[in-house]
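Colleague: need the 3D shape of this:
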Amino acid sequence: MAADERVDAIAGLIGELDLHCTLHHERVDTSVHARLEAEALGAVSAFTYAGSGLRMVQSRRQARSAPEVVAVAVQGRRPGVLLQHQRQRMLQPGELFLIDHTSAYDYQWHGDGGATSLGIPLDALGLPVELVRRAGHQLAASPLRDLVTDHVQRVNADVTRLGSDAGSPALGRATLELVRALVLTAASTRSTDENADAP
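Modeller: Numbers count the residues shown, from 1 in each chain. As a prediction, the model looks like this:
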């Protein structure tokens, strides 16, 4: 694809995935590039974005029309920054984090980076959004953090085959249960993630 067409193409694909955010590319020139992969696993959606530096901003107005989903994500090859719920979090490569699509957020990375994620509908998760938000600030406290991190990465690494498999809906249901356990264990502690800093 020609360089001058990439920015619009990326925005179009993000829109097709029902992500209600505004994209700000680090550099709008021939260096802009991205690879997007998305697949449905029952009620769960797998998504990988790998590309040049990007900032994704969801405003309060955009959040009001966004699907009620929480993204369980793993930071890609470059560090990132997530600002949400009045907290700024510095994300290291391979770190697990949550993005609550029911509220405003500002997420970015510099240079070639990205993230892999699993989108979880809140109605299917069956937990109050306040509990999910609390868990998102203290994922390090959950004994399931490493297991979920590995799950997110492995599913996305083979998502095309898994998405077309007869067991895909069952994999989605198992993922829901795993994420539910992650939220419950993380939210049950009073501690906060050591990487969460005030903006």
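
Colleague: against Tyr107, how distant is Gln88?
Modeller: Distance, Gln88 to Tyr107, using CB to CB, to the nearest Å: 11 Å. Where C-beta positions appear, they are placed from N, C-alpha and C, glycine not excepted.

Colleague: can you pull the buried residues of the helix ranked longest in the chain?
Modeller: Scanning the chain for the helix with the most residues, using DSSP state H, yields helix 168-187. Within helix 168-187, the residues that count as buried by 16 or more other CB atoms under 10 Å are 168, 171-172, 175-176, 178-180, 182-183, 185-187.

Colleague: got it, and stretch 146-157?
Modeller: Buried, per 16+ other CB under 10 Å, within stretch 146-157: 148-149, 151-152, 155-156.

Colleague: now the strands for this protein?
Modeller: For the chain, the strands defined by DSSP state E occupy 22-25, 34-41, 44-51, 54-58, 69-75, 80-84, 87-91, 96-100, 105-109, 113-121, 196-197.

Colleague: just the CA coordinates of the fourth one, formatted as PDB?
Modeller: The C-alpha trace of strand 54-58 is given here as PDB (Å, rounded to 0.1, in the frame of the first residue of the first chain):
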ATOM      1  CA  LEU A  54       1.000   5.500  17.800                       C
ATOM      2  CA  ARG A  55      -1.200   7.200  20.300                       C
ATOM      3  CA  MET A  56      -4.800   6.000  20.700                       C
ATOM      4  CA  VAL A  57      -7.200   8.300  22.500                       C
ATOM      5  CA  GLN A  58     -10.800   7.600  23.500                       C
END
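
Colleague: and the angle for it with strand 113-121?
Modeller: 30 degrees (axes from the mean of the first three to the mean of the last three CA atoms, to 10 degrees).

Colleague: name the strands paired with strand 54-58 and say parallel or antiparallel.
Modeller: As defined by DSSP bridges, the strand partners of strand 54-58 come to strand 22-25 (antiparallel), strand 105-109 (antiparallel).

Colleague: return the most buried member of those strands.
Modeller: strand 105-109 (a mean of 21; mean count of other CB atoms under 10 Å).

Colleague: the bottom helix or strand of the protein by mean pLDDT?
Modeller: The weakest-scoring helix or strand in the chain, judged by mean pLDDT, DSSP states H and E, is strand 196-197 (a mean of 49).

Colleague: any common contacting residues for Gln88 and Tyr107?
Modeller: Common contacts of Gln88 and Tyr107 (CB atoms under 8 Å, 6 or more residues apart in numbering): 81-82.

Colleague: pass me the low-pLDDT residue ranges in this protein, would you?
Modeller: Judged by pLDDT under 70, the chain has its weakly predicted residues at 28, 190-199.
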